[in-house]
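Enquirer: my questions are about this predicted structure, shown below with the sequence.
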Amino acid sequence: MKISVYIATSLDGFIARENGDLDWLPDADGESQQTAEDYGYRHFIETIDMLVMGRNTFEKVLSFGQWPYGERRCVVLTSRDSMIPEKMAAHILVRNAQPDELIKELDEMGVQHIWLDGGKTIQQFLCEGFVDEMIITRVPVLIGAGIPLFGHIMDDINLRHIETVSFKSGFVQSRYAVARKPQAKRNS
């Protein structure tokens, strides 16, 4: 099983404003920039068969009005009850699980490639050694404060740079392989 992060950050490293708003992202208002560039998103999403995100991220995506992932399966991690819209119940699972427990369950379901989304979720899986790759797109804007992609870590996390691509928009996308920690053993 492969676990990937695919996310945008402000140049100063934030994934959202402190209140969760994404208004600093181009097209966040639903208006198209009239560009054909998707920054590799379509190719990436075709490779994944499960999304895993925290409840806050799930609720933010729901606020967009239209669920952008179609009927792709999704796990929402939460320690609280979460209301899943009835029309989505067939492909949304709600779990209160640690990364190793969830990975074991998803492996038993035959999941091959997970997309992790949401700051706390990414940080937890990364710190526990369960992330294989990160694709981070830096947007040329400074927002000054917000929810950071990376929080406090106990030990260094070694990355291997794979590639960096710059776009006419000023976006810069870097891809990294993440060194696995020995205790992050999975059935692969």
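Expert: Thanks, I have it.
Enquirer: partners of the residue nearest to Arg72 when sequence neighbours are not counted in the sheet?
Expert: Distances taken as C-beta to C-beta, 6 or more residues apart in numbering put Leu51 closest to Arg72, at 6.3 Å, once the chain neighbours are dropped. Every C-beta, even on glycine, is put in place using the N, C-alpha and C of the backbone. The partner list for Leu51 in beta bridges (DSSP bridges) reads Cys74, Trp115.
Enquirer: pretty sure Leu51 sits against Gly118.
Expert: No - with contacts defined as C-beta atoms under 8 Å, Leu51 does not count as touching Gly118, sitting 9.8 Å away.
Enquirer: burial measure for the residue nearest to Arg72, as a count.
Expert: Counted by other C-beta atoms under 10 Å, the residues lying close to Leu51 total 22.
Enquirer: ok, Asn96 next?
Expert: When counting by other C-beta under 10 Å, one arrives at 14 neighbours for Asn96.
Enquirer: surely it and Asp81 touch.
Expert: No - between Asn96 and Asp81 there is no contact, the gap being 9.9 Å when judged by C-beta under 8 Å.
Enquirer: tell me the contacts of the residue positioned nearest the centre of the chain?
Expert: When the chain is reduced to its mean C-alpha position, the nearest residue by C-alpha atoms, centre = their mean turns out to be Asp117, at 2.2 Å. By C-beta atoms under 8 Å, 6 or more residues apart in numbering, Asp117 lies in contact with Val5, Tyr6, Ile7, Leu51, Val52, Met53, Gly54, Thr57.
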